[in-house]
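Novice: okay, here's the prediction I keep looking at, along with the sequence it came from:
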Amino acid sequence: MGLLVDGVWHDQGYDTAKSGGRFERSQSQFRDFVTADGRPAEGRERGFKAEPGRYHLYVSLACPWAHRTLIVRALKKLEDAISVSVVHHFMGADGWTFRRGEGGTGDSLHGFDFMRQIYTKADPHYSGRVTVPVLWDKKTESIVSNESSEIIRMLNSAFDAWGDASLDLYPAALRAEIDAINDRVYNDINNGVYKAGFATTQIAYEEAFTALFAALDMVEDRLSRQRYLAGERLTEADWRLFTTLVRFDAVYVGHFKCNLRRIADYPNLSNYLRELYQVPGVAETVDLPHAKAHYYGSHRSINPTGVVPLGPEQDLSAPHNRERLAKAA
Ligand SMILES: N[C@@H](CCC(=O)N[C@@H](CS)C(=O)NCC(=O)O)C(=O)O
């Protein structure tokens, strides 16, 4: 694990010394937007026009942030319009690599060996972490965005000429509701599991753990009354929660010490997780053996032996009971 400083790679883990043992996620730095007409988004200088075949996603199948982009690409039926490369699951001293095999596809655009080369190609003086996902523009040979929450918004709305325009995961009428639930889910659940797992002091771990399970309890309660997080229809808020839920019992309970309860112990959350997993196109984006191999194998500060546990038993294809919450027409 490492980062770039002025374009030079340094093998360095997360520094929690200055923050009382707390894991603090750094801000994504490439924040442009693809738009349908190519005009720069508000407050941005560079404009990128949506065109089929022009953009490429770099993802890891292990990463919950990258997973969001794969799900929205599949749901919006953009597989032919936006190509993908998948990094290898092992993230060691070189960071993400394009080693082929075990799910890794190699870099089909440049034939690079390391993900960091994508960043230095876009900006030879880049300083920061080398993260996935990345939305790459083949035309200008640059990174449009390395922020998953913004990439999914682009996939949702900018490419409707080539995808499923009938699906809107961020409908105008629900935006305030979606933004509010996203905020809690991001801080306490999506990022919460990382804050628990990468904490290097007891107090930092306990803070994250307490907030995480309070938020899961809140979501469990909400999902006992309504089918989806923002009400009666599936939105991006659900997919953002899904990528953490689907990894929870297999990875976060053990590896990140998030072990007060499993998702399997929450009746509504576990049925909801199965419903989302069974939405056509989604199961193909989920690779739990790959995720386990990544987390347990790569984070040697947490799991020095790299041994990957074999369990748990899980059947995400089993029936769910969520139809009972559908509003009678
Ligand atoms: N805010 C970013 C976070 C992406 C992120 O942190 N990805 C992780 C993988 S799960 C990563 O690439 N980490 C590498 C590192 O921190 O060095 C997003 O949502 O796109």
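Specialist: Alright, I've got the coordinates.
Novice: show me the contacts for the nearest residue to residue 139 once chain neighbours are set aside.
Specialist: Closest residue to residue 139 apart from its sequence neighbours, by C-beta to C-beta, 6 or more residues apart in numbering: residue 54 at 5.5 Å. To be clear about C-beta, it is placed using only N, CA and C from the backbone, and glycine gets the same treatment. If you count contacts by C-beta atoms under 8 Å, 6 or more residues apart in numbering, residue 54 has them with 137, 138, 139.
Novice: can you map out the helices along this protein?
Specialist: 64-75, 116-122, 148-157, 175-184, 191-197, 202-225, 236-247, 253-255, 267-277, 288-298 (DSSP state H).
Novice: just send those helices back as JSON lines, with mean neighbour count, distance to residue 21 and mean pLDDT too.
Specialist: Formatted as JSON lines, these follow (neighbours: other C-beta atoms under 10 Å; distance: least, C-beta to C-beta, whole Å; pLDDT from 0 to 100):
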{"stretch": "helix 64-75", "mean neighbour count": "25", "distance to residue 21": "23", "mean pLDDT": "98"}
{"stretch": "helix 116-122", "mean neighbour count": "20", "distance to residue 21": "27", "mean pLDDT": "98"}
{"stretch": "helix 148-157", "mean neighbour count": "23", "distance to residue 21": "26", "mean pLDDT": "98"}
{"stretch": "helix 175-184", "mean neighbour count": "15", "distance to residue 21": "23", "mean pLDDT": "98"}
{"stretch": "helix 191-197", "mean neighbour count": "22", "distance to residue 21": "10", "mean pLDDT": "98"}
{"stretch": "helix 202-225", "mean neighbour count": "17", "distance to residue 21": "4", "mean pLDDT": "98"}
{"stretch": "helix 236-247", "mean neighbour count": "24", "distance to residue 21": "22", "mean pLDDT": "98"}
{"stretch": "helix 253-255", "mean neighbour count": "20", "distance to residue 21": "18", "mean pLDDT": "98"}
{"stretch": "helix 267-277", "mean neighbour count": "21", "distance to residue 21": "29", "mean pLDDT": "98"}
{"stretch": "helix 288-298", "mean neighbour count": "20", "distance to residue 21": "20", "mean pLDDT": "98"}
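Novice: picking that back up, among the contacts of residue 54, which lie within strands?
Specialist: Secondary structure from DSSP state E places residue 137 of the contacts of residue 54 in strands.
Novice: which one of the contacts of residue 54 is nearest to residue 160?
Specialist: Nearest to residue 160 among the contacts of residue 54: residue 137, at 18.8 Å, using C-beta to C-beta.
Novice: okay, which residue is most central for the protein?
Specialist: Closest to where the C-alpha atoms of the chain average out (C-alpha atoms, centre = their mean) is residue 65, at 1.3 Å.
Novice: which residues touch that one?
Specialist: Contacts of residue 65 by C-beta under 8 Å, 6+ apart are 131, 132, 133, 148, 190, 243.
Novice: what's the spacing between it and residue 192?
Specialist: 14 Å (C-beta to C-beta, to the nearest Å).
Novice: is residue 167 in contact with residue 76, as I believe?
Specialist: Yes - Residue 167 is in contact with residue 76 according to C-beta atoms under 8 Å; the separation is 6.0 Å.
Novice: the two: who's more crowded?
Specialist: Using other C-beta atoms under 10 Å, the more surrounded residue of residue 167 and residue 76 is residue 76, with 25 against 13.
Novice: mind listing what the more buried one touches?
Specialist: 155, 156, 159, 163, 164, 167.
Novice: distance of the fourth one from the ligand?
Specialist: Meaning residue 163. Noted for residue 163: a distance of 21 Å to the ligand, by C-beta to the nearest ligand atom, to the nearest Å.
Novice: next one: the last one
Specialist: Residue 167 sits at a distance of 21 Å from the ligand (criterion: C-beta to the nearest ligand atom).
Novice: try the fifth one
Specialist: Using C-beta to the nearest ligand atom, we find residue 164 at a distance of 23 Å from the ligand.
Novice: burial measure for that residue, as a count.
Specialist: 12.
Novice: which residue is the nearest non-sequential neighbour of it?
Specialist: Using C-beta to C-beta, 6+ apart and skipping residues adjacent in sequence, the residue nearest residue 164 is residue 77, 4.6 Å away.
Novice: please report phi then psi for that neighbour.
Specialist: Note on residue 77: its backbone torsions stand at phi 60, psi 50 [degrees, to the nearest 10].
Novice: neighbours around it, how many?
Specialist: Neighbours of residue 77 using other C-beta under 10 Å come to 15.
Novice: which neighbours do residue 167 and residue 76 have in common?
Specialist: residue 156.
Novice: distance check, the nearest residue to residue 52 once chain neighbours are set aside against residue 36.
Specialist: In space, and not counting its chain neighbours, residue 52 is closest to residue 81: 4.1 Å by C-beta to C-beta, 6+ apart. Per C-beta to C-beta, residue 81 is found 13 Å from residue 36.
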